[in-house]
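Visitor: Provided below for reference: sequence and predicted model.
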Amino acid sequence: MNFLYHAHSGLRYLVLLAALAAVIALAYALATGRAGRAARILAATFTGLLDLQVLLGIGLVMSGDLPDAAVGHLVMMVLAVVAAHGASVLGKRSSTERREQVVRLVGIVLALGLIVGGIMAIGRSVLGSMPMSVASLTAPVRRDTASVARGHALLAATRDSLPRHVGNVLRCTSCHLDDGRKPDGLPWIGVLTRYPQYRSRNDAISTIEDRINDCFERSMNGTPLAGDSRDMRDMVAYMASLSGSAPAGDSAVAAGVPVLQPLGPDTTRGAQVFASTCVACHGDHGQGTAVATPLWGPGSYNIGAGMARLRTAAAFVRHNMPFGNPTLTDQQAFDVAAYVNSRPRPDLPGKEHDWPRGDAPPDVPYHTIASSAAPAGDTSR
C-alpha cells in the first residue's frame with residue numbers, strides 16, 4: 001500500500017497546478033470578455049484529477065493505512081469535490097457565459113481552499129515533502145491493535161521473527177530495555193518526535209525507518225528491511241503507540257541515556273569489573289547465557305554499532321548494569337565498556353565511509369576516510 005500512499009500524496013501537485021491554471025484562465029476570460037473554452041477544459045481537468053485523488057484516499061482508508069488524523073483530511077477533500085462538481089453543474093445552468101465563469105471560478109477557489117485545509121489537517125506542508133507534525137513523520141503509521149501487537153512481537157523476538165535480517169543472537173529489546181519503555185534504557189517513548197532528523201554519520205536526513213535499518217545492519221549485524229514492508233510498518237506502529245503522549249519536537253523525552261562526562265578508561269580495571277560483576281549473566285568469555293546477550297564475538301553487535309562507541313556503552317552500563325541494580329561508578333562504567341569493546345566482534349564493511357564530512361566523534365572505534373583527511377582538531381563531535 002506504500003505505492004498507493006505516495007500516488008495519493010504526489011497527485012496533489014497536479015491537482016494544485018490544475019486548480020491554479022483554471023483560476024487564471026477563468027479570471028482572464030472574465031477580465032477580457034473572451035470565450036472561456038480553455039477555462040472549461042482546465043476546470044474539468046482539475047475536477048477529474050481531484051476525483052482521482054479522493055478515490056485513492058478512500059482506497060487508503062479502506063486498507064487501514066491512514067492514521068486517525070486523516071479523517072479530517074478526507075472530509076475536507078470530499079467537500080472540495082462537492083464544491084468543484086457543484087460549481088460545474090450550477091455553471092452549466094447559468095443564463096449567461098459570464099455568470100457561468102463566475103460560478104466556476106468561485107467553486108474552484110472554494111475547492112482549492114478546502115484542499116489546502118485538508119493537506120494542513122494532517123500536518124503536511126502544501127508543497128513540501130517534509131512532514132510538519134508527528135502524525136506524518138514517516139509514511140502513514142498504522143496504529144490498530146493488531147499492528148502494534150505484531151510490531152511489539154517483532155521487536156521483542158527479532159532474531160526468531162526476522163532471521164533473514166538478523167546476523168547475531170540479539171534482539172531489539174536487548175538494548176531498548178523494558179520493551180523500549182525504560183527511562184535511561186534507550187527508550188522508544190517519544191522517538192517519533194525526533195524523525196526525520198539530520199544525522200552526521202551519513203550526512204543525510206534520516207527517517208525513523210532509516211534509523212531502524214541502521215540497527216539491523218549494525219547492532220543486529222544483519223541486513224535492512226524494505227522501508228514499506230509490513231514488518232517495518234508494524235515496528236513503527238509499536239513505537240508510535242509509545243510516543244502518543246510525547247509532544248512533537250520534544251526530543252528530551254526520547255533522549256535515550258544521559259551522557260556521562262568522559263573519563264579515561266582502563267581495560268585492565270575493566271576486565272576486573274567484568275569478572276566480578278558481569279560474568280554471572282554474560283558468561284566468562286562474553287558469549288552470553290540464557291539470561292543475557294553476548295557482549296562480543298560473532299553473536300554480538302558489530303564494530304559499526306552505536307554500542308561499540310565508548311561513551312554510548314559507558315552511559316548505558318552506568319545507568320542499567322548490573323541489570324535491575326545499577327551500582328557501578330562512572331569510572332567503572334567507562335573501564336568495563338572499554339574492556340568489552342576491546343574484544344573481537346564482527347566487522348562492518350563500508351564503515352570507513354561514515355561521517356563523510358570528517359566530523360566523526362572521538363570515540364568512534366574505527367578509521368574513517370573523511371576524518372583522516374580532516375585538519376587536526378576537527379573531530380570535536
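Guide: Looks like it arrived, so ask away.

Visitor: C-alpha from now on. contacts and neighbour counts both.
Guide: Will do.

Visitor: quick one, helices of this structure?
Guide: For the chain, the helices defined by DSSP state H cover 2-32, 37-63, 70-92, 97-121, 145-156, 158-161, 177-180, 208-217, 230-243, 267-273, 279-282, 310-320, 330-342, 369-373.

Visitor: And stretch 352-370, how far out from the chain middle?
Guide: Between the centre of stretch 352-370 and the centre of its host chain there is 24 Å, according to CA atoms, centre = their mean, to the nearest Å.

Visitor: Could you work out the end-to-end span of it for me?
Guide: Taking CA to CA, to the nearest Å, the span from the opening residue of stretch 352-370 to its closing residue is 8 Å.

Visitor: Ala18: what's it in contact with?
Guide: Shown here is Ala18, whose contacts under the criterion CA atoms under 8 Å, 6 or more residues apart in numbering are 42-43, 45-46.

Visitor: Local confidence estimate at it?
Guide: We note a pLDDT of 93 for Ala18 in this prediction.

Visitor: That one and Glu352, how far apart?
Guide: Separation of Ala18 from Glu352 (CA to CA) stands at 48 Å.

Visitor: just Asp231 next, same as before
Guide: For Asp231, the distance to Glu352 equals 30 Å [CA to CA].

Visitor: From the neighbour counts alone, determine which of these two ranks first.
Guide: More neighbours surround Asp231 than the other of Asp231 and Glu352, with 19 against 16 (other CA atoms under 10 Å).

Visitor: which non-adjacent residue is nearest the more buried one?
Guide: Gly151 (7.0 Å; CA to CA, 6 or more residues apart in numbering).

Visitor: Just send the helices of the chain back as CSV, with distance to Thr193 too.
Guide: Below are the helices of the chain laid out as CSV (distance: least, CA to CA, whole Å):
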stretch, distance to Thr193
helix 2-32, 21
helix 37-63, 24
helix 70-92, 18
helix 97-121, 18
helix 145-156, 18
helix 158-161, 24
helix 177-180, 15
helix 208-217, 10
helix 230-243, 8
helix 267-273, 36
helix 279-282, 34
helix 310-320, 21
helix 330-342, 29
helix 369-373, 30
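
Visitor: Which of the ones you listed comes out lowest on mean pLDDT?
Guide: helix 369-373 (a mean of 80).

Visitor: which other residues reach it?
Guide: Residues from elsewhere that reach helix 369-373, judged by CA under 8 Å, 6+ apart: 352-360, 378-379.

Visitor: ok, of those residues, which come out buried?
Guide: 352-360 (16 or more other CA atoms under 10 Å).

Visitor: show me the contacts for the nearest residue to Val106 once chain neighbours are set aside.
Guide: Leaving aside its sequence neighbours, Val106 sits nearest to Ala87 (CA to CA, 6+ apart; 7.5 Å). Contact criterion CA under 8 Å, 6+ apart gives 103-104, 106-108 as the residues in contact with Ala87.

Visitor: Phi first, then psi, for the spatially most distant residue from the centre of the chain.
Guide: Relative to the mean C-alpha coordinate of the chain, counting by CA atoms, centre = their mean, the farthest residue is Ser95 (54.5 Å). Torsion angles at Ser95 (phi, psi; degrees, to the nearest 10) stand at phi -80, psi -20.

Visitor: Against Ala80, how distant is Trp101?
Guide: You called it Trp, but residue 101 is Gln. To Ala80, Gln101 is 18 Å away according to CA to CA.
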